[in-house]
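K.L.:
Any chance you can model this:
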Amino acid sequence: MHFFSFACLLAAAALCAGAQQAGPAANSALASIQGVVASTEGDVYQGARIVLERGVSDAQETQQTDADGHFHFANLQPGAFKITISAEGFVSQSVVGLLRPGEAFDARTIALPVASSDSVVRVSAESQVELAQQQLNIEEKQRVLGVFPNYYVSYDHEAAPLTAHQKFQLAWKTSIDPITWMMTGVVAGVEQASNTFSGYGQGAEGYGKRFGANYADSISSAMIGGALLPSLFRQDPRYFYKGTGSVSSRARYAIASAFICKGDNRRWQFNYSGILGGIAAGGISNLYYPSSSRNGVEETFENSALGTAGSAVQNLLQEFVVRRLTPRLPHRAPAIPNQ
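P.N.:
Below you'll find the model as predicted:
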């Protein structure tokens, strides 16, 4: 961005010098190039590298596409040009042309195909961990409406698998988020007002017990179902946004993701972590809920089944609604068809 500003200043200086010599006619001779970069699935690509080369000159100008996938080179002298568009994991593309005086050249939408498996450089295990951490850092900034944490969703369908440490990092980040505390307080207040779990009583003590029970539910679910069991079973606790295909195929994918998940080997498998995590968290809750409100074994399994159904509904919302409400998302890699 600083380089682009500097290039604009140089162009402006050249324009002023030319204006002194050639007058207004020189201004009208300057041209521009603009366009949009997207994946072959039609999703705009933020951060793609655009290199502009001009005729026989060795000078180059470089930009990165903005949040809308757009790039724009202004104040250009007429003549031959070449722009090269590149991004990690995609096949580079080039556009050549001839700028006429005063022309606003529109390169339109330039699609970057995904690189084939034999053209992708294989990275070391250490690089994989670093890549996963970079992707995790992005996910930990995802907030619905810019407020509510949305950490357990990957918009990169081919994201690197998380290490055990990173799974616990994600669970802990979710558990200590201020919004998690705030929502826990709201739920405890609603329960107090309706006298849910009457064994806790009323007043400050009753509210404190309700708050503690709700927070214990949240942290045990995150730590067991989102970190401990995924580490033991080598499974990924995140939902991988599909975003392509028909509405029915995306709906089936979202519902199925409540029962299956990606393993650390990137293969789909039964979601032992999520389902057993729900059962374990429900069983642990019997340790701190009032005796009159504790669940038997049968009810614990019933509640776990309801929780799995709730996960399916949540996945449907993630697939069709939440992404639109989550600002400043980076470009995601396209989903693999028929997943």
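K.L.:
can I get the CA coordinates of the longest helix that the chain contains in PDB?
P.N.:
Longest helix in the chain, counting residues (DSSP state H): helix 297-320. Provided in PDB are the C-alpha atoms of helix 297-320 (Å, rounded to 0.1, in the frame of the first residue of the first chain):
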ATOM      1  CA  VAL A 297     -28.200 -41.900  31.900                       C
ATOM      2  CA  GLU A 298     -31.100 -42.100  29.500                       C
ATOM      3  CA  GLU A 299     -31.900 -38.400  29.700                       C
ATOM      4  CA  THR A 300     -28.200 -37.600  29.200                       C
ATOM      5  CA  PHE A 301     -28.100 -39.500  26.000                       C
ATOM      6  CA  GLU A 302     -31.400 -37.900  24.900                       C
ATOM      7  CA  ASN A 303     -29.900 -34.400  25.600                       C
ATOM      8  CA  SER A 304     -26.800 -35.400  23.600                       C
ATOM      9  CA  ALA A 305     -28.900 -36.400  20.700                       C
ATOM     10  CA  LEU A 306     -30.700 -33.000  20.900                       C
ATOM     11  CA  GLY A 307     -27.300 -31.400  21.000                       C
ATOM     12  CA  THR A 308     -26.200 -33.100  17.800                       C
ATOM     13  CA  ALA A 309     -29.400 -32.000  16.100                       C
ATOM     14  CA  GLY A 310     -28.700 -28.500  17.400                       C
ATOM     15  CA  SER A 311     -25.200 -28.700  15.800                       C
ATOM     16  CA  ALA A 312     -26.900 -29.600  12.500                       C
ATOM     17  CA  VAL A 313     -29.100 -26.500  12.700                       C
ATOM     18  CA  GLN A 314     -26.000 -24.400  13.600                       C
ATOM     19  CA  ASN A 315     -24.200 -25.800  10.600                       C
ATOM     20  CA  LEU A 316     -27.100 -24.800   8.300                       C
ATOM     21  CA  LEU A 317     -26.900 -21.300   9.700                       C
ATOM     22  CA  GLN A 318     -23.100 -21.200   9.100                       C
ATOM     23  CA  GLU A 319     -23.600 -22.400   5.500                       C
ATOM     24  CA  PHE A 320     -26.300 -20.000   4.500                       C
END
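K.L.:
Which strands or helices does it pack on?
P.N.:
helix 247-256, helix 272-285 (3 or more Cβ pairs under 8 Å, 6 or more residues apart in numbering; DSSP states H and E). Yep, even glycine has a C-beta here, placed from its N, CA and C like the rest.
K.L.:
and it, average pLDDT?
P.N.:
The average pLDDT within helix 297-320 is 89.
K.L.:
and the direction of that helix versus that of helix 247-256, what angle?
P.N.:
140 degrees (axes from the mean of the first three to the mean of the last three Cα atoms, to 10 degrees).
K.L.:
on that earlier part again, for the helices and strands packed on helix 297-320, which one sits closest to A309?
P.N.:
helix 247-256 (9.3 Å; Cβ to Cβ).
K.L.:
in that closest one, what counts as buried?
P.N.:
If you call a residue buried by 16 or more other Cβ atoms under 10 Å, then helix 247-256 has these buried ones: 250-251, 253-255.
K.L.:
and those, which two are the farthest apart?
P.N.:
R250 and I255 (9.9 Å).
K.L.:
circling back: where among the helices and strands packed on helix 297-320 is average confidence lowest?
P.N.:
helix 272-285 (a mean of 92).
K.L.:
List the buried residues for that helix?
P.N.:
Neighbour-count burial for helix 272-285 flags 273-282, 285 (criterion: 16+ other Cβ under 10 Å).
K.L.:
which secondary structure elements does it contact?
P.N.:
helix 203-220, helix 229-233, helix 297-320.
K.L.:
quick one, strands of the stretch 51-200 of the chain?
P.N.:
For the stretch 51-200 of the chain, the strands defined by DSSP state E, counting those that start in this stretch occupy 60-64, 70-76, 79-86, 93-99, 104-112, 143-144, 148-149, 153-154.
K.L.:
Helices of the stretch 51-200 of the chain, residue ranges please.
P.N.:
In the stretch 51-200 of the chain, helices defined by DSSP state H, counting those that start in this stretch lie at 125-139, 164-175, 178-193, listed in chain order.
K.L.:
Those: lowest mean pLDDT?
P.N.:
For these, mean pLDDT drops lowest on helix 125-139, to a mean of 78.
K.L.:
Now do that one: everything it contacts.
P.N.:
123, 151-154, 156, 159-163, 166, 169-170, 238, 330 (Cβ atoms under 8 Å, 6 or more residues apart in numbering).
K.L.:
repeat that with 7 Å
P.N.:
123, 151, 154, 156, 159-163, 166, 170, 330 (Cβ atoms under 7 Å, 6 or more residues apart in numbering).
K.L.:
out of those, who's nearest S94?
P.N.:
Nearest member of those to S94, counting by Cβ to Cβ, is P330, at 24.1 Å.
K.L.:
Model confidence score at that closest one, please.
P.N.:
Looking at P330, its pLDDT is 56.
K.L.:
cool, and V95?
P.N.:
Residue-level pLDDT assigned to V95 equals 88.
K.L.:
which residues does it contact?
P.N.:
Counting by Cβ under 7 Å, 6+ apart, V95 touches 83, 107, 110.
K.L.:
Most neighbours out of those residues, which is it?
P.N.:
I83 (22 neighbours; other Cβ atoms under 10 Å).
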